[in-house]
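[1] What follows is a predicted protein model with its sequence.
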Amino acid sequence: MLDTTRTTGDLQALDGAHHVHSFTDPALITGGKTRVVVRGEGCQIWDSDGRRFLDGMAGLWCVNIGYGRQELVDAAARQMTELPFYSNHFQSTTPAMTELAHKLSQLTPDGLDHFLFTSSGSEANDTIVRMVRYFWKLQGKDTKRTFISRTMAYHGSTLAAVSLCGMPHMHAMDGGTLPGFAHIQHPHWYMFGGELTKEEFGLQAAQALERKILELGPENVAAFIGEPVQGAGGVIDPPSTYWPEIQRICRKYDVLLIADEVICGFGRTGEWFGAQTYGVTPDLMTLAKGLSSGYLPIAAVAMNKRVFETIGAGGLLAHGYTYSGHPVACAVALANIDIIEREGLVDRVRNDIGPYLHQALAQFEQHPVVGEVRGIGTLAALQLVKGKDTREIFTVEDGAGVFCREASYNQGLIVRAVGQSIVLSPSLVITHAEIDEIIVKLKRALDETARHFGL
Ligand code: PMP
């Protein structure tokens with residue numbers, strides 16, 4: 001049982017002794033600096049010393065409906081009582097998994113009506129690599145095996161998913177990517193746009209895909225994968241011209257288009273899915289995070305008819321996980337989707353809090369340490385710069401991102417530093433008053449950063 005009598009110090013000591021953390025320098029943990037988070041309500045969390053934080057990241061971009069929703073607890077308890085586990089292997093199902101697949105078919109863009117469940121976004125993207133290669137094999141095009149992704153993309157930490165990522169430090173850790181993965185530059189206008197308008201740049205950035213397909217040979221290219229808005233790469237929201245051009249190129253060369261909706265899905269961009277916001281219809285989508293608002297681990301691969309009917313005719317699908325479609329996670333996801341629908345959270349992002357957040361953040365365009373304010377819906381980033389006029393970005397050694405993030409924590413606001421950008425991804429239930437609080441706290445953190453770097 002959980003020992004509820006331990007002090008913060010006890011927990012930090014035990015954690016340092018035994019727990020290997022994700023995306024953390026272990027040296028920081030053994031030094032007893034672990035933050036122990038104990039409770040959440042709405043957009044707020046509390047640490048073990050009773051300190052309150054406004055969670056500007058909704059956990060890890062995932063707690064779309066906010067913390068503390070009893071309905072999800074009740075759904076989990078009901079399902080656990082009735083049937084805590086059964087698998088979907090060997091022709092079995094449970095009502096919860098069937099119902100969730102059906103529900104998702106109503107929400108996802110037209111044609112994406114088939115769902116394969118996994119427990120994480122990484123597993124879902126690894127699954128996509130297998131499914132897409134299998135699809136092309138069944139189509140008699142065995143050589144179509146290479147995936148094209150983008151620099152600064154994040155698609156997960158399992159082997160194939162990390163190869164889809166475009167994060168150099170992740171590849172450097174264990175010796176690069178698997179064979180069969182290529183990358184093009186991410187469409188960050190502020191960084192690479194030069195004198196081009198955003199729209200001109202969007203077209204040019206998308207056309208890098210055509211060049212890459214021709215370089216590799218269309219007969220070798222299986223798919224292009226991208227997040228509608230790159231999240232962990234720094235909230236890169238592409239120009240409006242970008243995605244339609246990507247879709248045109250994919251169709252021209254018969255390259256499957258995959259939208260990784262792990263962050264963008266379930267309302268964050270002001271539509272149910274980012275693909276809808278940017279006007280594209282992918283062949284496959286990756287769903288996770290907002291699917292259950294992070295209350296339990298569940299993810300899914302959505303496939304269109306062409307993909308499903310091809311692999312459906314291939315005989316035994318030799319793929320699956322013990323926890324594919326875990327009934328408790330499915331029941332929680334259904335309760336989560338109910339809340340998003342009932343409370344109109346997608347419209348709320350599009351018409352209310354999205355515009356409110358971005359209007360408020362726009363004031364930082366004048367701030368001496370901010371070069372660009374970007375984002376859409378409840379996704380936002382502030383690009384920290386040394387030189388506003390020259391667009392000179394801080395270096396990793398400068399550490400401005402981490403400095404500003406820590407200054408923000410000290411104000412009781414959780415944001416994330418991605419390179420030299422500060423990113424935000426609050427829950428879809430955030431109030432105007434909480435957005436006002438974000439702005440006040442962020443301003444203090446930015447002022448402190450500017451002072452520290454002599455700007
Ligand atoms: N794709 C995207 C776009 C993500 O942001 C993430 C996680 N941040 C993943 C995939 C991987 O998901 P998971 O951490 O659930 O494996």
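    Yep, it's here.
[2] mind checking how far G156 is from the ligand?
    Here G156 is placed at a distance of 4 Å from the ligand (C-beta to the nearest ligand atom, to the nearest Å). C-betas here are computed from N, CA, C, even on glycine.
[3] again with I128
    According to C-beta to the nearest ligand atom, I128 and the ligand sit 10 Å apart.
[4] residues contacting the single nearest residue of the stretch 51-200 of the chain relative to the ligand?
    Of all residues in the stretch 51-200 of the chain, the one sitting closest to the ligand is G121 (2.3 Å; C-beta to the nearest ligand atom). With contacts defined as C-beta atoms under 8 Å, 6 or more residues apart in numbering, the neighbours of G121 are 155-156, 161, 260, 262, 286, 288-289, 299.
[5] Kindly recompute the last result at 7 Å.
    G121 makes contact with 156, 262, 286, 288-289, 299 under the criterion C-beta atoms under 7 Å, 6 or more residues apart in numbering.
[6] for the longest helix along the chain, packing partners?
    For the chain, the helix with the greatest residue count under DSSP state H is helix 432-452. Using 3 or more C-beta pairs under 7 Å, 6 or more residues apart in numbering; DSSP states H and E as the contact test, the elements touching helix 432-452 are strand 52-55, helix 354-361, helix 400-410, strand 413-414.
[7] Now do the last one: which elements does it pack against?
    Applying 3+ C-beta pairs under 7 Å, 6+ apart, we find strand 413-414 packed against strand 52-55, helix 432-452.
[8] Mean confidence (pLDDT) on that strand, please.
    Within the predicted structure, the mean pLDDT of strand 413-414 is 98.
[9] Run through who's touching it.
    53-57, 438, 441-442.
[10] What are the buried residues along the lengthiest strand in the chain?
    When every strand of the chain is counted residue by residue (DSSP state E), the longest turns out to be strand 379-387. Applying a neighbour-count criterion of 16 or more other C-beta atoms under 10 Å, one finds 379-386 buried in strand 379-387.
[11] State the mean pLDDT of that strand.
    Throughout strand 379-387, pLDDT has a mean value of 96.
[12] Against D352, how distant is I430?
    As defined by C-beta to C-beta, to the nearest Å, I430 lies at a distance of 10 Å from D352.
[13] The two - which one has more neighbours?
    Between I430 and D352, counting by other C-beta atoms under 10 Å, I430 is the more crowded of the two (25 against 14).
[14] didn't the more buried one look like it was pressed against C43?
    Yes - using C-beta atoms under 7 Å, I430 is in contact with C43, at 5.0 Å.
[15] Going by the annotation, which residue ranges form each domain of the chain?
    Domain assignment for the chain, taken from automatic domain parsing, gives 35-65+344-452, 71-342.
[16] gap between the two ends of the shortest one?
    Start-to-end span of domain 35-65+344-452 (C-alpha to C-alpha, to the nearest Å) is 25 Å.
[17] What is the neighbour count of R391?
    The burial count assigned to R391 is 15, neighbours taken as other C-beta under 10 Å.
[18] tell me which element the closest residue in space to it that isn't next to it in sequence is part of?
    For R391, ignoring the flanking residues on the chain, the nearest one in space by C-beta to C-beta, 6 or more residues apart in numbering is G371 at 5.9 Å. Using DSSP states H and E, G371 sits within strand 370-376.
[19] residues making contact with that strand?
    Taking C-beta under 7 Å, 6+ apart as the rule, strand 370-376 contacts 190, 229, 235, 237, 269-270, 277, 358, 361-362, 364-365, 381-385, 388, 391, 446.
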